[in-house]
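> take a look and give me a structure for this.
(2 chains)
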Amino acid sequence: MVLLQIAEPGATAEVHGDRQIGVGIDLGTTNSLIAHFDGTDLRVLEDESGQASLPSVVYYGAKGTVVGTAAETYSSSEPTNTIASAKRMLGRSRAEFEDDPYVALAEGEGLAFNTDAGSKTPVEVSSAILNELKLRAEPQLTGPIAGAVITVPAYFDDAQRQATRQAAELAGVKVLRLLNEPTAAAVAYGLDEHAEESSLLAVYDLGGGTFDISLLRMRAGLFEVLATGGDSALGGDDFDRALATYLMEQVALDAPNPVQRRVLLSLARQAKEALSEAESVSVDVSVLSARSEEIMVSRSTLDGLLAPFIERTLAACRMTLEDAGVETVDRVVLVGGSTRTPAVRQAVAKCFDLEPLCSLDPDQVVAMGAARQADVLVGNRQGDEALLLDVIPLSLGLETYGGLVERIIDRNSTIPVARAQEFTTARDGQTGLVVNVVQGERERVEDCRSLARFELTGIPPMVAGAARIEVTFRVDADGILEVSAVEQQTGARSDIVVKPAFGLDEGQITEMLKAGYEYASEDMLARKIGEARVEAEALLAGLQAALAADGDLLSAEETTELQRDMTALETVMEQNEPDEIRAATEVLGRASEVFAARRMDRSIQAALQGVALTDLESAEAEENTP
Amino acid sequence: MRLWREFHGLNVNATAGATARDYFSLFQLEPDFSVDEAALERAYHSLLSQFHPDRYAGKAQFEQRVAAQFCADINSGYRVLSDAVLRAEYLLTRAGVDLVKAEREGVGAAFLMTQIMLRERLEEMPPSDGQAREALTEEIRGYYQTSCGEFAAAVGDAAWSEAARHWQEMCFLSKLLDDARPRGY
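Below you'll find the model as predicted:
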């Protein structure tokens, strides 16, 4: 633990000379976007040809690594070298895709694609996309990117969030926060600014291949996800297929070949998009039939074809409302390109009895919200913004005797959260145990997902039941889990940041960083030294300021000891040994824990006096109101 | 090497590992069973909005870690104080009551009979009979509120072993209430 820089309640935060640059990234299954908010202007950054959306497709082959629209052109000629929808596989295990005919898996244990350029993991594919977005953005910004807010689906579990973070790390993007997509959409509309009164918000997100519905509650400057639902195999692609089948019947085509199928789908998509504006369109199907022919499709025909799919989304909406124990909402936000379809808008309006918010481009709204939050988190604004609170989507626990799950943290707990549980040994003389960390709602381990397995050793031999082993689960604000186990009497301990078995370990990441596009021209050592020094300087500066302000909290002896560690760090910083700088920083950080805790208590008192004051004011206000 | 098979779960104390920080003083509340919910909520929001890790996103990693730990404390405290059963348990722990011993001593035969009777009635009730279910739920809630009131009174008199008994009643009854809740649609 170390010092917190705590601003006095009501005091303005220290002002940095330069405006820091934060970006928002929507890392999507089909398309990805990057956006920036400069304090006045919120915009999505386009590529040189004016395209905002980057197709989430990466090609690995003879032509090198290609990302986006250019990569898509290889999808029919080199399908196995062209990876699309990698997000679906982020943080998943190999077993889940073994039977998927659309995925060519590489040999080995992990989940990776087999390409001509070697095996590529979903994390690497995602990092290539993030890197491409970064390269696109940099020339359009006034300085280096200080950090990014990356959006993830609200239901993303620990492993999927970890994988997303790893992809960012690999692309050299500093993650300020992983933000839930529906929350980002709400932030884009500035709904957080009106969060003083309690209100409920539904975010209806219909993309190409997935449908998500989320319920959010805003109250007194807090933003919470209450419930999520949806259908991971339902979207605009279903609309296209339904219309394509209709066209096929109209031209009496029984068994289209793959080329005809492709043509049909593309005609259907064009017609669908045109029907968002026009009441009817004529589709030229002469390429498909011997007779030159045009088929008229009216909007009501399309509506009829789409009705069953739209009804499925509404059923999911109703179920999610029920889950949350809610009957009505105050606002509905539309996200995803498929919500441009008028029939969808009308159905949503009817279902919620509300006119949905759709003034922002539904494809861009998530990236825009992330950009706004990034601007807050890099420190350009401070103090009065709404807090975006997340909950964990799935319960976390560990395996106990007989393959049962002992739940430690319940789903929907507000994060960050830490919880501890005590366990004991079952056998005389037992000196170790394996902790199997699982995630899910079911009672039995085999029905849950195992996130990690680690071993606690060094328990002194005792009779069964005498050891006291405290297992602590900590989930940070991004939803990432850390587990530690300590035997209370001996202090034998074991920590693990839960790295999913199908993710990458530290060593692999370092290897990739060395080999990667990001650091090819950079001196790794210089970079590492720079980073270590920045961290050390921040700590020293923080401590000096804290000593000046609250030095009275320490005894003379404690002050001397702290200063000794500070001097030690300063000495190490002169040298070019990043690992030693880090080690000394760590030592000083630990040494200042007590001081930090005392300062924290002092500031809590101050903060609470602030609360008391607010109470007084509101009480007075109430009295003065007739 | 399958040691985990031997790993026997024993839930000693739900609040084990909680920091020494007193939740009531953290939220500036009187240490009592009855809690001013609005004041609790206000203090919670005020603390979070000052100490949430997002407020430290641009700061040194150490600071972020402290903020995350502290925020986890705030969240735990809020969870405990905003839930009647957990709050009761916390009051007992705070007063140094041995909960394991209390659980061994049990709730007494009369309450046990009531509880068994209520559970049997619930289990025999067809899930489709919404009206009867609702009536039973109301009845259980009545018992629950009685236990809550008795717990509060016992705490007021510093009669801790009595309070511990009523706390166990509350545990049983709130579990029963949860099971009685209509679901499945």
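> could you say which helix or strand holds A:Ala597?
The secondary structure element spanning A:Ala597 is helix A:593-624 (assigned by DSSP states H and E).
> same question, A:Ala255
Per DSSP H and E, A:Ala255 falls between elements, in no helix or strand.
> now do it against A:Leu130, distance only.
Here A:Ala255 is placed at a distance of 42 Å from A:Leu130 (CB to CB, to the nearest Å). To be clear about C-beta, it is placed using only N, CA and C from the backbone, and glycine gets the same treatment.
> which one's more surrounded, these two?
Legend: neighbour count by other CB atoms under 10 Å in any protein chain shown for A:Ala255 and A:Leu130, higher for A:Leu130 (25 against 7).
> is it true that the more buried one touches A:Arg165?
No. Under the criterion of CB atoms under 8 Å, A:Leu130 is not in contact with A:Arg165, lying 10.9 Å apart.
> low-confidence ranges, the chain, go.
In the absence of a named chain, chain A is used. For chain A, the stretches with pLDDT under 70 are A:1-18, A:101-102, A:109, A:192-197, A:220-221, A:290-292, A:381-386, A:495-527, A:605, A:607-626.
> my bad, the chain I had in mind was chain B
For chain B, the ranges with pLDDT under 70 are B:1-20, B:58-62, B:182-185.
> mind giving me the domain split of it?
Chain B resolves into domains spanning B:23-82, B:99-180 when parsed by automatic domain parsing.
> does the shortest one come close to chain A?
Meaning domain B:23-82. Yes. Applying CB under 8 Å from any CB of the partner chain, one finds domain B:23-82 touching chain A at B:26, B:28, B:39, B:41-43, B:45-63, B:65-73, B:75-76, B:78-79.
> and those residues, which of them are buried?
Neighbour-count burial (16 or more other CB atoms under 10 Å in any protein chain shown) applied to the residues of domain B:23-82 next to chain A gives B:26, B:28, B:39, B:41-43, B:45-60, B:62-63, B:65-73, B:75-76, B:78-79.
> spatially central residue in chain B, please.
Residue closest to the average C-alpha location in chain B (CA atoms, centre = their mean): B:Leu86, at 1.7 Å.
> neighbours of residue 158, just the number please.
Using chain A. A total of 24 residues lie near A:Asp158 under the criterion other CB under 10 Å.
> chain B was what I was after
B:Ala158: 9 surrounding residues under other CB under 10 Å.
> scan chain B for its longest helix.
helix B:130-156 (DSSP state H).
> so stretch B:91-101, near chain A or not?
No. Using CB under 8 Å from any CB, stretch B:91-101 stays clear of chain A, coming no nearer than 11.0 Å.
> so how far is that stretch from its chain's centroid?
Centre-to-centre, stretch B:91-101 and its host chain are 13 Å apart (CA atoms, centre = their mean, to the nearest Å).
> list of residues touching it?
Residues outside stretch B:91-101 that contact it (CB atoms under 8 Å, 6 or more residues apart in numbering or on different chains) are B:12-13, B:15, B:22, B:31-33, B:89, B:102, B:155, B:158, B:160-161, B:163-164, B:167.
> just the closest residue of the stretch 351-500 of chain A to chain B, please.
Closest to chain B within the stretch 351-500 of chain A is A:Ala420: 2.4 Å, counting by CB to the nearest CB.
> mind checking the SS state of that residue?
Under the three-state scheme (DSSP: H, G, I helix; E, B strand; the rest coil), the conformation of A:Ala420 reads as strand.
> right, and it touches A:Ile469 too?
No. Using CB under 8 Å, A:Ala420 is not in contact with A:Ile469; the gap is 10.4 Å.
> which residue ranges of the chain form helices?
No chain was given, so I picked chain A. Taking DSSP H as the criterion, chain A carries its helices at A:69-72, A:122-137, A:158-170, A:181-188, A:236-250, A:258-274, A:299-323, A:342-352, A:365-377, A:506-515, A:524-550, A:556-574, A:578-591, A:593-624.
> think we crossed wires, I meant chain B
In chain B, the segments counted as helices under DSSP H are B:23-26, B:37-51, B:61-82, B:84-94, B:99-105, B:109-124, B:130-156, B:160-180.
> what's the spacing between the longest helix of chain B and its chain's center?
Relative to the centre of its chain, helix B:130-156 is centred 15 Å away, using CA atoms, centre = their mean.
> how about the nearest residue to A:Leu334, chain neighbours excluded?
Closest residue to A:Leu334 in three dimensions, ignoring its sequence neighbours and counting by CB to CB, 6 or more residues apart in numbering or on different chains: A:Cys358, at 4.5 Å.
> tell me, how many residues neighbour that neighbour?
For A:Cys358, the neighbour count with other CB under 10 Å is 18.
> gap between B:Ala57 and A:Val175?
Plainly put, B:Ala57 is 10 Å away from A:Val175 if you go by CB to CB.
> buried sites along stretch A:243-257?
Within stretch A:243-257, the residues that qualify as buried by neighbour count (16+ other CB under 10 Å) are A:243-244, A:246-248, A:250-251, A:253, A:256.
> ends of it, what's the gap?
17 Å (CA to CA, to the nearest Å).
> hmm, who's touching it?
By CB under 8 Å, 6+ apart, the list of residues contacting stretch A:243-257 from outside reads A:260-261, A:264-265, A:267-268, A:271-272, A:283, A:285, A:288-289, A:293, A:295, A:297, A:301-302, A:305.
> among those residues, which ones are buried?
Those of these that meet the buried threshold are A:260, A:264-265, A:267-268, A:271-272, A:283, A:285, A:288, A:295, A:297, A:301-302, A:305, by 16+ other CB under 10 Å.
> mind splitting chain A into its structural domains?
A:22-185+A:363-383, A:191-234+A:317-352, A:236-306, A:392-507, A:525-626.
> switch these over to TSV; also include distance to B:Leu173.
Conversion of those to TSV gives the following (distance: least, CB to CB, whole Å):
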stretch	distance to B:Leu173
domain A:22-185+A:363-383	33
domain A:191-234+A:317-352	21
domain A:236-306	48
domain A:392-507	20
domain A:525-626	34
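> so which of those domains gets nearest B:Glu124?
B:Glu124 lies closest to domain A:392-507 among the domains of chain A, at 24.1 Å (CB to CB).
> give the bridge partners for A:Gly229, please.
Listed by DSSP bridges, the beta-bridge partners for A:Gly229 are A:Ile213.
> for A:Val463, see how far away A:Leu360 is.
In this structure, A:Leu360 and A:Val463 are separated by 65 Å, where distance is defined by CB to CB.
> more neighbours: those two, which one.
Neighbours of A:Leu360 and A:Val463, each counted by other CB under 10 Å, are more numerous for A:Leu360; the result is 18 against 11.
> mind listing what the more buried one touches?
Taking CB under 8 Å, 6+ apart as the definition, contacts of A:Leu360 comprise A:188-189, A:368.
> and which of these is nearest A:Gly429?
Of all the contacts of A:Leu360, the one with the least separation from A:Gly429 (CB to CB) is A:Ala188, at 59.9 Å.
> the closest residue to the closest one other than its chain neighbours: neighbour count?
In this structure, A:Ala188 finds its nearest non-sequential neighbour in A:Gly369, 3.5 Å apart by CB to CB, 6+ apart. Using other CB under 10 Å, A:Gly369 is surrounded by 35 other residues.
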